[in-house]
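Q: what follows is a predicted structure for the sequence shown.
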Amino acid sequence: MNIVSFLQALAVQIELESPTLDFDITLFIQIGLFLIVMLFLNRFVLVPYLAAKDKREALTEGANQEAARLKSKAEEAQNEYVTKRQEAFAEIEAERKRTIQAAQAEQTKQLEAKRAAVQAQIKERQASFDASMTAARAKSAIQVDQIASEIAGKLLA
């Protein structure tokens, strides 16, 4: 048996066994029921679902845009905070340096005043010491002359 005869036999058998389609009223009833169900589902299920989905997407997109706007605003506030903080630290550092310089100037002024007072006391005591030494030398010279006279008098006597 060859392939051509096999295909012909198969085609004959399919024609004998295949049912014929009868178009009667049930076909139109089924089409009508299908259309009614489709219109019902479209109106009460599909349209509300798509509207809710669009509304949810719009809300989500709006929330995303709001979040992006708030994020950029927060970044701006953060940058402003950092800038103001750095400026404040710079002002504090400048004030600290001015305070240290003023304190050092005051300390130098007080040190110079104390140094001048101590120098004055040293000069005063040096003058007093010099006066004492001069008086002691004068007194010693008188006593040396008296002792020399006594020794000379005792040696000559």
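A: Great, that's in hand.

Q: C-alpha only now, for contacts and for neighbours.
A: Fine.

Q: I'd like the next helix or strand past the helix or strand of the chain with the lowest mean pLDDT.
A: In the chain, no helix or strand scores lower on mean pLDDT, DSSP states H and E than helix 3-17, which sits at a mean of 72. Using DSSP states H and E, the helix or strand that follows helix 3-17 in sequence is helix 25-41.

Q: what average pLDDT does that next one get?
A: The average pLDDT for helix 25-41 rounds to 91.

Q: and that helix, what's buried?
A: Within helix 25-41, no residue counts as buried by 16 or more other C-alpha atoms under 10 Å.

Q: quick one: contacts of that helix?
A: Under the contact criterion C-alpha atoms under 8 Å, 6 or more residues apart in numbering, helix 25-41 has no outside partners.

Q: recalculate using a threshold of 10 Å.
A: Residues outside helix 25-41 that contact it (C-alpha atoms under 10 Å, 6 or more residues apart in numbering): N42, R43, V45, L46, V47, P48.

Q: which residues touch A77?
A: Per C-alpha under 10 Å, 6+ apart, neighbours of A77: K71, T83.

Q: same thing but 6 Å
A: A77 makes contact with no residue, according to C-alpha atoms under 6 Å, 6 or more residues apart in numbering.

Q: so which strand or helix has it?
A: Counting by DSSP H and E, A77 is part of helix 47-156.

Q: just give me how far that helix sits from the chain centre.
A: Helix 47-156 sits 30 Å away from the centroid of its parent chain (C-alpha atoms, centre = their mean, to the nearest Å).
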